[in-house]
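*Asks:* okay, predicted coordinates and the sequence, questions at the end:
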Number of protein chains: 2
Amino acid sequence: MSPPYGRSMSRDRDFTAVGRALSTPARSTFLNLLMDGTSRPAGELALAAGVSASTASEHLTVLVDAGLVTCRATGRHRYYSLAGQEVATALESLGMLADAAPVSGYRRSRRAEYLAAARFCYDHLAGRLGISLTDAWVHAGWLAGRDELALTDAGAVGLRELGVDVDGAVTARRATTRACLDWTERRPHLAGALGSAVGTRFLDAGWVTRHRSGRGLDVTEAGRELVREAWGINLADAGAA
Amino acid sequence: MSPPYGRSMSRDRDFTAVGRALSTPARSTFLNLLMDGTSRPAGELALAAGVSASTASEHLTVLVDAGLVTCRATGRHRYYSLAGQEVATALESLGMLADAAPVSGYRRSRRAEYLAAARFCYDHLAGRLGISLTDAWVHAGWLAGRDELALTDAGAVGLRELGVDVDGAVTARRATTRACLDWTERRPHLAGALGSAVGTRFLDAGWVTRHRSGRGLDVTEAGRELVREAWGINLADAGAA
DNA sequence: GGGACATTTCGGCGTCCACCGAAGCGTCCC
DNA sequence: GGGACGCTTCGGTGGACGCCGAAATGTCCC
């Protein structure tokens, strides 16, 4: 009869390659930088991690070989980014186990506040903005269940009016909605295919813009007005004040 | 005003400790063995990974220090198990990225078939049994959405009749339902608090029993009858035939 | 109490690998 | 074409760590 599942493949997983990829400070820093879904050139990553260009290059090769990161060559730059949504999800749940990284050498204090206000978690909105939106939508009956965030009929209508590609999200192969727990705040915000669609819409509509060459998002005036009028969310100008 | 989220804590995560814990074959083997939710003594783990007792002891210290594993001392044995449900969840999503482990030295071919039939994935049913039950319950309208598996009213009634602690699962702090993707088959099966409650019920009712000192579950005659009569699931006796 | 057993601690060995600077390769731009 | 620039490859070095056997610790049981 032979084994029923083709080839005598083990059901076990070999965690060693992925584990080794995560096991050094420089590579951990790289992944943290890429977790907002951006692509960054090797040099920038090297600088951020405080290693030489050659060392960074070796690290990036390890990450690519492990399947965590992909490389896109453009001109004389090579842009690295996370290899996909599964990688972001895996890192997200691993982050629940990991400690907060010690504040590294380069200046970060100012940025931390921007991060807290609004940021991308790979493909969906996070930070205070992501949490506030999710809370408001649960409250409005658009999303059901604090831990599942299932899309209701009312939510489908409302988000469609907002210009979110709801239908694309529902028919996507990945889970429509998913709750992503913020590492520090531990409060759920909308992820999954719908979370991605919402993020895309917010960017396309100009309600948020990626903060120049850095991490975090700026919520534009139009964006602030929208969330205030539609859902009564008052984004404190903590960053600006 | 000082930083709004207390202490100038970095929003980044330090993946190095967890990564290092995963980065050696012996430790990867240990984690695979413990992923079914069992507790195992150090000696058994050493034997399974093919390392000396002293080496295994060192590895286990690393895993405990990384917070992935906990130790319970009983008599002259020390039983190790996964540190919690978050660890199981993280490993589960990491497994999506990792390769299948090469079949290691010790005999495993026979066991693979038991594993495929029914097994525990930390706290919920998996294997063919887990997948079949989930499919049947989606079909019966007990669970909604192939990727979310949200509990319906009918499902709550049905599972409560079955003796599952539905109310405990709904009020639990973790997500009530969650879809867990099997690594090899890539088919969703019920996880989350409700998945755990179902697993507990199946064990308590004697519908499945843990296979003696090994991995995988035996579905008892009562269990086979239940799933056949209630949901038309015919568990092929692949293991016995 | 003594002997078997499970496990950890210790000391030592060999290998792996993170790191750097220098050199090589490709791209851009004057 | 030549020089600046971004990145990778190469060679070499030092430290970290996976491995074992031997000895130490602790538990069980006669």
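*Replies:* Cool, got the structure.
*Asks:* lowest average confidence, helix or strand, in chain A?
*Replies:* One helix or strand of chain A scores below all others by mean pLDDT, DSSP states H and E: helix A:109-117, with a mean of 54.
*Asks:* look up how far A:Ser54 lies from the closest residue to A:Thr16 other than its chain neighbours.
*Replies:* The shortest distance from A:Thr16 to any non-neighbouring residue, by C-beta to C-beta, 6 or more residues apart in numbering or on different chains, is to B:Ser28 (5.1 Å). All C-beta atoms are positioned from the backbone trio N, CA, C, and that covers glycine. Using C-beta to C-beta, to the nearest Å, B:Ser28 is found at 30 Å from A:Ser54.
*Asks:* in chain A, what residue is nearest DNA strand D?
*Replies:* In chain A, the residue that lies nearest DNA strand D is A:Gly43 (2.3 Å; C-beta to the nearest atom of the strand).
*Asks:* leaving out sequence neighbours, find the closest residue to that residue.
*Replies:* A:Gly43 sits nearest to A:Ala53 (C-beta to C-beta, 6+ apart), 6.2 Å away.
*Asks:* for A:Asp147, same thing?
*Replies:* Nearest to A:Asp147 is B:Ala175, by C-beta to C-beta, 6+ apart, at 3.9 Å.
*Asks:* quick check, that neighbour in a strand?
*Replies:* No: looking at B:Ala175 with DSSP: H, G, I helix; E, B strand; the rest coil, it is coil, so not inside a strand.
*Asks:* let's see the pLDDT reported for it.
*Replies:* If you check B:Ala175, the pLDDT there is 91.
*Asks:* tell me who's in contact with it.
*Replies:* Taking C-beta atoms under 8 Å, 6 or more residues apart in numbering or on different chains, we find B:Ala175 in contact with A:147-148, A:179, B:192-193.
*Asks:* also A:Glu148?
*Replies:* Counting by C-beta under 8 Å, 6+ apart, A:Glu148 has contacts A:177, A:179, B:148, B:150, B:175-177.
*Asks:* just the buried residues out of these, in ChimeraX syntax.
*Replies:* Per 16 or more other C-beta atoms under 10 Å in any protein chain shown, the buried members of those correspond to this ChimeraX selection:
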select /A:177,179 /B:148,150,175,176,177
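*Asks:* which one of the contacts of A:Glu148 sits closest to A:Ala88?
*Replies:* Within these, proximity to A:Ala88 (C-beta to C-beta) peaks at A:Ala179, which comes in at 14.6 Å.
*Asks:* helix/strand/coil for the closest one?
*Replies:* Using three-state DSSP, the structure places A:Ala179 in strand.
*Asks:* what is the neighbour count of the residue nearest to it when sequence neighbours are not counted?
*Replies:* The shortest distance from A:Ala179 to any residue other than its chain neighbours is 3.8 Å, reached at A:Pro188 (C-beta to C-beta, 6+ apart). A:Pro188 has 23 neighbours, counted by other C-beta atoms under 10 Å in any protein chain shown.
*Asks:* for A:Leu97, same thing?
*Replies:* 21.
*Asks:* in this structure it contacts B:Glu86, no?
*Replies:* Yes: assessed by C-beta atoms under 8 Å, A:Leu97 is found in contact with B:Glu86 at 6.3 Å.
*Asks:* number of nearby residues for the residue in chain A positioned nearest to DNA strand C?
*Replies:* Among the residues of chain A, A:Gly75 lies closest to DNA strand C, at 2.7 Å counting by C-beta to the nearest atom of the strand. Residues contacting A:Gly75 under the criterion other C-beta under 10 Å number 7.
*Asks:* again with A:His59
*Replies:* Using other C-beta under 10 Å, the number of residues around A:His59 comes to 24.
*Asks:* wait, it touches A:Leu31, no?
*Replies:* No: counting by C-beta under 8 Å, A:Leu31 is not a contact partner of A:His59; they are 10.3 Å apart.
*Asks:* which residues does the residue nearest to A:Ala179 form beta bridges with?
*Replies:* A:Leu181 (DSSP bridges).
*Asks:* per-residue confidence for it?
*Replies:* A:Pro188 carries a pLDDT value of 93.
*Asks:* after the strand or helix carrying A:Arg20 comes which helix or strand?
*Replies:* Assigned by DSSP states H and E, A:Arg20 falls within helix A:16-22. Following helix A:16-22 in sequence order, the next helix or strand is helix A:25-34 (DSSP H and E).
*Asks:* I'd like the average pLDDT over the next helix or strand after that following helix.
*Replies:* Once the chain leaves helix A:25-34, the next helix or strand it forms, by DSSP H and E, is strand A:40-41. In this model, strand A:40-41 has a mean pLDDT of 96.
*Asks:* which elements pack onto the helix or strand following strand A:40-41?
*Replies:* Scanning forward in sequence from strand A:40-41 by DSSP H and E, the next helix or strand is helix A:42-49. Judged by 3 or more C-beta pairs under 8 Å, 6 or more residues apart in numbering or on different chains; DSSP states H and E, the packing partners of helix A:42-49 are helix A:25-34, helix A:53-65, strand A:77-82.
*Asks:* just say which of the ones you listed is most tucked in.
*Replies:* helix A:25-34 (a mean of 23; mean count of other C-beta atoms under 10 Å in any protein chain shown).
*Asks:* quick one, that one and strand A:77-82 angle?
*Replies:* Put simply, helix A:25-34 runs at 80 degrees to strand A:77-82, going by axes from the mean of the first three to the mean of the last three C-alpha atoms, to 10 degrees.
*Asks:* contacts for helix A:25-34 next, please.
*Replies:* Residues contacting helix A:25-34 (C-beta under 8 Å, 6+ apart): A:21-22, A:40, A:45, A:48-51, A:55-56, A:59-60, A:62-63, A:68-69, A:80-82, A:91, A:101, A:104, A:215, B:12-16, B:19.
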